[in-house]
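**Q** Here is my input; please provide its structure:
(4 chains)
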Number of protein chains: 2
Amino acid sequence: MSAGEQRARKPRADVQRNRAALLETAQRHFLQHGVGTSLEAVAKEAGVGPGTLYRHFPTREALLAAVLQTRSEELVARQADIEQLGDPAEALEQWLRAMEEYFSAFSGLPDPLMAAARAQEPDNPLTIPCHILITATDQYVRAAQLAGRVRASVRGHDLFLAACSVAWIKGTGTEEEPLDRLRTLIASGYRQQDPQA
Amino acid sequence: MSAGEQRARKPRADVQRNRAALLETAQRHFLQHGVGTSLEAVAKEAGVGPGTLYRHFPTREALLAAVLQTRSEELVARQADIEQLGDPAEALEQWLRAMEEYFSAFSGLPDPLMAAARAQEPDNPLTIPCHILITATDQYVRAAQLAGRVRASVRGHDLFLAACSVAWIKGTGTEEEPLDRLRTLIASGYRQQDPQA
DNA sequence: AACGTGTACGGAGGCAGCATCCGTTTTGAT
DNA sequence: ATCAAAACGGATGCTGCCTCCGTACACGTT
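**A** Numbering: from 1, shown residues only, chains lettered A, B, ... in the order given. Predicted coordinates for the structure are as follows:
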């Protein structure tokens, strides 16, 4: 028996039930009140004690990461659509928008995201998703560069930062119009002007 | 006497002393711990009770605005230097950097700044400084546009947002190198390419 | 120099949120 | 039916926010 490392006992029913209730409630609260919402309130509304919440999700980031899991998968799913676009410049554009939407899922999300992205803290549960995003962005950038549609000096990381910025500004309550102008400004910054003059 | 509306009595000595001590201490704490620092700690270290702090500065923003006063004046002073540059494109560039430094004075500063900029809350003591900055930026932008050095579609407000973003990212602890690439990206976004091809 | 008044002080106190710890309950296995 | 492990949950201690009000002090007056 020591050889089989799975074969733990079946996960308890209440554990799954509580976890699901917590995730569901947490998502609602993050949506309504931003990432800074009261965890105590989440626990209470989910019908569990604070201890249970903290046992399932030791930190706010852990809860956040778990709630974001669904959305991460949506993002991955979108990649398939994007990649069969053919046009790498268009693909990059759409990818950036998709990422921005992901960052804007909850108000205040960009802050913990940046903290995780910067981090050599492998214990931060948001770190891995962040690095995945940066790497993915870099690939779209390289493809568009090979097609001569993006300046050579641009890196994926730069556009990750840019998308994060836009999401941050969005989260502060700025209207869509100035946001759109900012997006345009950034796009003008990374796009390669056509060689035809 | 009802006609003269000034002519209150001379301001008390302890008031001035406490105010000065609070500002000095608050600045240190904002520098070391960011804008979210404990006001209770500030009061204690300044040698006053919490009540005194809140009487002088009813909100965190009020304290912040008062502490920023000095730096605002430095910014205005810089404008003189900048304006006698002659080159409007260079002037804009320097102005943006000056603004960015101002926004980066304390970690976390961009958040209350954005909240104030968006606001029709005239009671927010940061609102006025923000609008002054936006207006000033717009003037530099217009000047550079007249010289054909900046795209026509750009507005001062856009670059205000951009500078704020960069400062925000800086405040999250990102290193200088990616920051510089982001600045370059943004600059490429607003600059008008020379008509000579 | 002493006084009186009004202004400012400051700390106690109520509240909210975080995070932990441990006695009790629930759950699945035997 | 019984048992041990696992999970629960709330009481608890802590930090920080902000207010309220009895007290002390500074200033103008006599």
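**Q** Need the contact partners of the lengthiest helix in chain A.
**A** The single longest helix within chain A, with elements called by DSSP state H, is helix A:60-83. With contact meaning C-beta atoms under 8 Å, 6 or more residues apart in numbering or on different chains, helix A:60-83 is reached by A:22-23, A:26-27, A:30, A:35, A:39, A:42, A:53, A:56-57, A:91, A:94-95, A:98-99, A:102, A:105-106, A:109, A:112, A:116, A:124-126, A:129, A:133, A:136. Heads up, the C-betas are built off the backbone N, CA and C, glycines and all.
**Q** redo that, cut-off 7 Å
**A** Residues from elsewhere that reach helix A:60-83 (C-beta atoms under 7 Å, 6 or more residues apart in numbering or on different chains): A:23, A:26-27, A:30, A:35, A:39, A:57, A:91, A:94-95, A:98, A:102, A:105, A:112, A:124-126, A:129.
**Q** With DNA strand D in mind, check whether it reaches it.
**A** No - counting by C-beta under 7 Å from any atom of the strand, DNA strand D is not contacted by helix A:60-83; separation bottoms out at 13.7 Å.
**Q** can you give me the end-to-end distance of stretch A:150-163?
**A** End-to-end distance of stretch A:150-163: 16 Å, with C-alpha to C-alpha, to the nearest Å as the criterion.
**Q** got a list of contacts for that stretch?
**A** The contact list for stretch A:150-163, computed with C-beta under 7 Å, 6+ apart, reads A:92, A:96, A:99-100, A:103, A:133-134, A:137-138, A:141, A:144-145, A:186, A:190-192, B:169, B:178, B:181-182, B:184-185.
**Q** same thing with stretch A:23-38?
**A** So stretch A:23-38 is contacted by A:41-42, A:45-46, A:63-64, A:66-67, A:106-109, A:112 (C-beta under 7 Å, 6+ apart).
**Q** what separates the closest residue to DNA strand D within chain A from A:T25, distance-wise?
**A** Proximity of chain A to DNA strand D (C-beta to the nearest atom of the strand) peaks at A:G49, 1.8 Å away. Distance of A:G49 to A:T25, computed by C-beta to C-beta, to the nearest Å: 14 Å.
**Q** tell me the domain boundaries of chain A?
**A** By the assignment in automatic domain parsing, chain A contains the domains A:10-57, A:68-190.
**Q** and the contacts of helix A:60-83 near DNA strand C, which?
**A** A:L39.
**Q** Just the buried residues from the contacts of helix A:60-83, in ChimeraX please.
**A** Buried residues among those (16 or more other C-beta atoms under 10 Å in any protein chain shown), as a ChimeraX selection:
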select /A:23,26,27,30,35,39,57,91,94,95,98,102,105,112,124,125,126,129
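**Q** Regarding A:P58, what is its secondary structure?
**A** With DSSP: H, G, I helix; E, B strand; the rest coil as the basis, A:P58 sits in coil.
**Q** cool, A:R9 as well?
**A** coil.
**Q** Nearest residue to whichever residue of chain A sits closest to chain B in space, please, no chain neighbours.
**A** Across chain A, the shortest distance to chain B (C-beta to the nearest C-beta) belongs to A:G189, at 3.2 Å. Leaving aside its sequence neighbours, A:G189 sits nearest to B:G189 (C-beta to C-beta, 6 or more residues apart in numbering or on different chains; 3.2 Å).
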